[in-house]
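>>> Build me a model:
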Amino acid sequence: MKENLTKIRKLINEADAIVIGAGAGLSTAAGFEYSGKSFIDNFKYMHDAYGYTDMYSAGFHNFKTKEEYWGYWARYIYLNRYKTGALPLYEKLYQLVKDKNYFVLTTNVDHQFQKAGFDKNRLFYMQGDYGLFQCSKHCHNKTYDNEEQIKNMVKNIVNYRIPISLIPKCPICGAPIVPNLRTDDSFVEDEGWHKASKNYVKFLNDNKNKKILFLELGVGWNTPVIIKYPFIRMTYQFPNANYVCINKGYNQVPKEIKDKSIVLDIDINNIFETNFFDRFR
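As a prediction, this is how the structure comes out:
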């Protein structure tokens with residue numbers, strides 16, 4: 001591993017551009033826990049009543065009322081978006097690339113990159129953000145900041161439900177409001193989403209012939225078409241590109257880009273906790 005870390009450090013230092021691709025594994029390594037003690041401490045009733053063992057699965061429960069739905073989702077969003085500040089792993093990642101020409105593509109919706117200091121104009125959060133609401137009927141392409149509403153809901157939860165008066169509705173059509181998360185074709189791609197998409201495409205076009213490093217962190221196989229497959233394809237197509245993948249349980253790379261790739265089957269924290277990169281900056 002030490003030899004590969006030395007190579008990765010060299011690639012980062014010499015890169016003209018770095019594209020970070022971040023998946024759920026990065027936030028898991030950073031400390032977000034959706035199951036275990038965190039789930040039981042906050043949602044034991046969902047386990048006892050329905051048998052759920054993690055926040056993600058419980059979020060798909062067919063709640064009988066909107067009061068119960070928001071009693072769950074308000075606390076879920078609060079815990080994963082507002083209660084926690086920037087986590088150390090994200091801060092270390094920012095320190096690693098802050099002086100570089102970087103861009104971040106992520107499927108994570110917890111806002112950790114911006115909390116850690118990453119420039120929002122260099123971020124594309126493709127799957128949404130816990131901190132945004134949208135119309136469930138997709139009647140218009142606009143999202144709404146929800147911090148005040150979420151905190152008010154959490155403060156007023158009684159018996160796992162919010163008061164009916166706090167149920168959010170679309171200001172245009174009156175339909176239920178839902179979190180701006182990509183779960184089906186009703187996901188709202190607002191002005192900010194499209195701006196980020198254009199920024200990402202421009203970044204790739206501006207740097208495709210330079211020394212560009214695709215740094216993939218914690219990306220699994222739930223949605224490989226968003227980050228993993230495009231990174232592999234662009235590494236193959238771009239003449240001076242290199243690909244680094246760090247993810248526990250993943251240790252393969254297509255033979256076509258083997259000479260341009262480094263893949264580490266290891267917990268991301270095992271690298272950053274050594275302060276290896278800091279010593280060689």
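
>>> When you work out contacts or count neighbours from here on, use the C-alpha atoms and nothing else.
OK.

>>> Low-confidence ranges, the stretch 51-200 of the chain, go.
Along the stretch 51-200 of the chain, the model assigns pLDDT under 70 to no residue.

>>> ok, now with 90
183-185 (pLDDT under 90).

>>> any idea which element the most centrally placed residue in the chain lies in?
With distances taken as CA atoms, centre = their mean, the residue of the chain nearest its centroid is Asn108 (1.2 Å). Secondary structure from DSSP states H and E places Asn108 outside every helix and strand.

>>> I figured it was touching Gly23, is that so?
Yes - with contact defined as CA atoms under 8 Å, Asn108 reaches Gly23; the gap is 5.9 Å.

>>> Give me the nearest residue to Glu147, chain neighbours excluded.
Closest residue in space to Glu147, ignoring its immediate chain neighbours: Gly131 at 6.4 Å, by CA to CA, 6 or more residues apart in numbering.

>>> my guess is the one you found is in a strand, correct?
Yes - the assignment for Gly131 by DSSP: H, G, I helix; E, B strand; the rest coil puts it in a strand.

>>> so how far is Asp145 from it?
Using CA to CA, to the nearest Å, we find Gly131 at a distance of 6 Å from Asp145.

>>> between these two, who's got more neighbours?
Shown here are Gly131 and Asp145; by other CA atoms under 10 Å, Gly131 has more neighbours (22 against 14).

>>> Pull out the buried residues from the longest helix anywhere in the chain.
The longest helix of the chain (DSSP state H) is helix 191-207. Across helix 191-207, burial judged by 16 or more other CA atoms under 10 Å covers Trp193, Ala196, Ser197, Asn199, Tyr200, Phe203, Leu204, Asn207.

>>> All the helices of the stretch 51-200 of the chain, in order from the start?
55-58, 66-77, 88-97, 112-116, 147-155, 191-207 (DSSP state H, counting those that start in this stretch).

>>> got a list of contacts for the second one?
So that's helix 66-77. Residues outside helix 66-77 that contact it (CA atoms under 8 Å, 6 or more residues apart in numbering): 55, 59, 63, 130-131, 150-151, 153-154, 157, 160-164, 167.

>>> Apply 6 Å and report the result again.
Helix 66-77 has contacts (CA atoms under 6 Å, 6 or more residues apart in numbering) with Phe63, Tyr130, Ile150, Val154, Tyr160, Arg161, Ile162, Ile164.

>>> same deal with the longest one?
Outside helix 191-207, the residues that touch it by CA under 6 Å, 6+ apart are Phe124.

>>> Might you calculate how far the strand or helix carrying Ser38 sits from the centre of the chain?
Using DSSP H and E, the element containing Ser38 is helix 36-50. Put simply, helix 36-50 sits 23 Å off its chain's centre (CA atoms, centre = their mean, to the nearest Å).

>>> same question, stretch 101-111
6 Å.

>>> end to end, how far does it reach?
End-to-end distance for stretch 101-111: 21 Å, by CA to CA.
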